[in-house]
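Participant: Just to be clear, the model below is a prediction. Sequence and coordinates:
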Amino acid sequence: MKLIGSFVTLAAALQVASAHYIWTTLTGPTTSTAAVRQPLNNTPVESVSSGAITCNTSPRPATDTVTVSAGGTVGFRLDNTMYHSGPAAIYLGQVPGGQTAASWNGSGANWFKIAEWGAQFNPFRFVTQGQGSVSTTIPASTPSGEYLLRVEQIGLHVAGKPQFYISCAQIRIENGGNGNPPKVSIPGYLSANDPGLTVNIYNPVPTSYTVPGPRPWRG
Ligand SMILES: *[C@@H]1O[C@H](CO)[C@@H](O)[C@H](O)[C@H]1NC(C)=O
Ligand SMILES: [Cu+2]
């Protein structure tokens, strides 16, 4: 009995140690796992300056590029729930001339944020806490063309060691407009000293919170 008890305890501890999560699925008018560059495993990225911060560590190539309309809904589903407390965001990366969503590695100042989810207060909690998906609309004036759609959720449960859960999906935007969003590069978009990354979310309990990165562009 005692032996079984410690077995169960050990199994539970191992599960917690490995129980991170992966954004596996693009959602919207089309649900697709084939358009997502699937991360090798669920280990989070921890360095904001590493190449892995763009689309995760050596993701498998995606085999599809999904067409969506400007103004339409897109999102991502997780293989779990966001049980690690922290903010989330969705970025669009405009594929440079001469490349496709399938060929582009995400380099250069081509990225803009289109949605973010921060915190609420009294009591303090992150608004996506415990949810398994996020979605938003593509700003109607986004230019047509191929893009990487990037989701990021940042676990802040270990103070001073933010964990980035990231995936990129390959999309093609149709019926777009003439918008010209300010763009950033990823890496480069965040400093490791960003107060939204270095904050201790337990002590003292925050009374304000700004999601790291640029403010969302809504067209
Ligand atoms: C990404 O692609 C560009 C050229 O398109 C290249 O200069 C750069 O080295 C690549 N970066 C990585 C990390 O492979
Ligand atoms: Cu985890």
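Facilitator: Nice, thanks for sending it over. Ligands and ions are numbered 1, 2, ... in the order given.
Participant: Write out the residues of the protein neighbouring ligand 1.
Facilitator: 51, 105, 107 (Cβ under 6 Å from any ligand atom). (C-beta placed from N, C-alpha, C; glycine too.)
Participant: got the residue ranges for the helices in this structure?
Facilitator: 2-18, 52-55, 195-198 (DSSP state H).
Participant: Lowest average confidence across these, which one?
Facilitator: Of all the helices of the chain, helix 2-18 carries the lowest average pLDDT, namely a mean of 45.
Participant: Ligand 1 versus Ser69, what's the distance?
Facilitator: As judged by Cβ to the nearest ligand atom, to the nearest Å, Ser69 and ligand 1 stand 28 Å apart.
Participant: residue contacts, that residue?
Facilitator: By Cβ atoms under 8 Å, 6 or more residues apart in numbering, the contact list for Ser69 reads 29, 138, 173-175.
Participant: and what of Ser47?
Facilitator: Taking Cβ under 8 Å, 6+ apart as the test, what Ser47 contacts is 53, 192.
Participant: So which residue is smack in the middle of this protein?
Facilitator: The residue lying closest to the centre of the chain (Cα atoms, centre = their mean) is Glu152, at 1.5 Å.
Participant: Dig out what that one forms beta bridges with.
Facilitator: Glu152 has these beta-bridge partners by DSSP bridges: Ala89, Ile166.
Participant: And the strands in this structure?
Facilitator: Secondary structure of the chain (DSSP state E): strands at 23-27, 36-37, 66-69, 73-78, 88-94, 111-117, 119-120, 125-126, 133-137, 145-155, 163-174.
Participant: could the ones you listed be laid out in TSV, adding distance to Gly188 and mean pLDDT?
Facilitator: As requested, the strands of the chain are arranged in TSV below (distance: least, Cβ to Cβ, whole Å; pLDDT from 0 to 100):
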stretch	distance to Gly188	mean pLDDT
strand 23-27	22	98
strand 36-37	20	98
strand 66-69	26	98
strand 73-78	22	98
strand 88-94	12	99
strand 111-117	9	98
strand 119-120	25	98
strand 125-126	25	98
strand 133-137	23	98
strand 145-155	14	98
strand 163-174	14	98
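Participant: mind putting those strands in JSON lines, distance to Val205 included?
Facilitator: What follows is those, written out as JSON lines (distance: least, Cβ to Cβ, whole Å):
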{"stretch": "strand 23-27", "distance to Val205": "28"}
{"stretch": "strand 36-37", "distance to Val205": "35"}
{"stretch": "strand 66-69", "distance to Val205": "39"}
{"stretch": "strand 73-78", "distance to Val205": "26"}
{"stretch": "strand 88-94", "distance to Val205": "20"}
{"stretch": "strand 111-117", "distance to Val205": "19"}
{"stretch": "strand 119-120", "distance to Val205": "10"}
{"stretch": "strand 125-126", "distance to Val205": "10"}
{"stretch": "strand 133-137", "distance to Val205": "24"}
{"stretch": "strand 145-155", "distance to Val205": "17"}
{"stretch": "strand 163-174", "distance to Val205": "20"}
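Participant: Would you list the buried entries among the contacts of Ser69?
Facilitator: Using 16 or more other Cβ atoms under 10 Å as the burial test, these include 138, 173 as buried.
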